[in-house]
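K.L.:
curious how this folds, go ahead:
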Amino acid sequence: MTYNESTSEGLPWAVGNTASFLPAPLKRKPHRKEAHTLLNRQVEEQIGSLKQLYIFGDDEVKHILKKHPFLIQLLREARNEIERYFPDTPVLLEPATESEGADTDRVVGFIMTNLDPDTAIEILHRFDRGWWLNALKQAQGKLSMTLGFR
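P.N.:
Below you'll find the model as predicted:
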């Protein structure tokens, strides 16, 4: 076969058209470790935003939220609902202790009210019936809400 410059015949590729035989750019999938690092960074940012809404009583809370990140969105929703029933009331997040249940790998939210106990309990019952009891399934046994008194 002879080479014809005008048609590029005789060559396995067209001279002057090097793009036709170069491989397409490879899309590199993130390495598993990189994906895990990215996920951790996102969870850290979300936990940081929760610190604007809640008082973290212990670093263990952060550890539990990292282990159970589904709680982050639930805590966002809970804060909005708590605000409806207990306006301008801080909520303290603490890890559960053995006296609060056998599973210590969970978080307890203490709605820190300065209302008298009878009134606070009545409002907590309304909160439970109005939202919390429907959200319990989402909590998967890893979050509970109760009263704390200032």
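K.L.:
state the next helix or strand along the chain beyond the least confident helix or strand in the chain by mean pLDDT.
P.N.:
The least trusted helix or strand in the chain, going by mean pLDDT, DSSP states H and E, turns out to be helix 32-50, with a mean of 81. Elements were assigned by DSSP states H and E; along the chain past helix 32-50, the next helix or strand is strand 55-56.
K.L.:
in the following helix or strand past that next one, which residues are buried?
P.N.:
Proceeding C-terminally, strand 55-56 gives way to helix 59-67 as the next helix or strand, assigned by DSSP H and E. With burial defined by 16 or more other Cβ atoms under 10 Å, the residues of helix 59-67 counted as buried are Glu60, Val61, Lys62, Ile64, Leu65, Lys66. Any C-beta I mention is one placed from the backbone N, CA and C, and that applies to glycine too.
K.L.:
name the helices or strands packed onto helix 59-67?
P.N.:
helix 32-50, helix 70-85, strand 91-95, strand 107-113 (3 or more Cβ pairs under 8 Å, 6 or more residues apart in numbering; DSSP states H and E).
K.L.:
please repeat the previous calculation with a cut-off of 6 Å.
P.N.:
Applying 3 or more Cβ pairs under 6 Å, 6 or more residues apart in numbering; DSSP states H and E, we find helix 59-67 packed against helix 32-50, strand 91-95.
K.L.:
looking at these, which is buried most?
P.N.:
Among those, judged by mean count of other Cβ atoms under 10 Å, the one packed with the most neighbours on average is strand 91-95 (a mean of 19).
K.L.:
quick one, that one and helix 59-67 angle?
P.N.:
Orientation of strand 91-95 against helix 59-67 (axes from the mean of the first three to the mean of the last three Cα atoms, to 10 degrees) gives an angle of 80 degrees.
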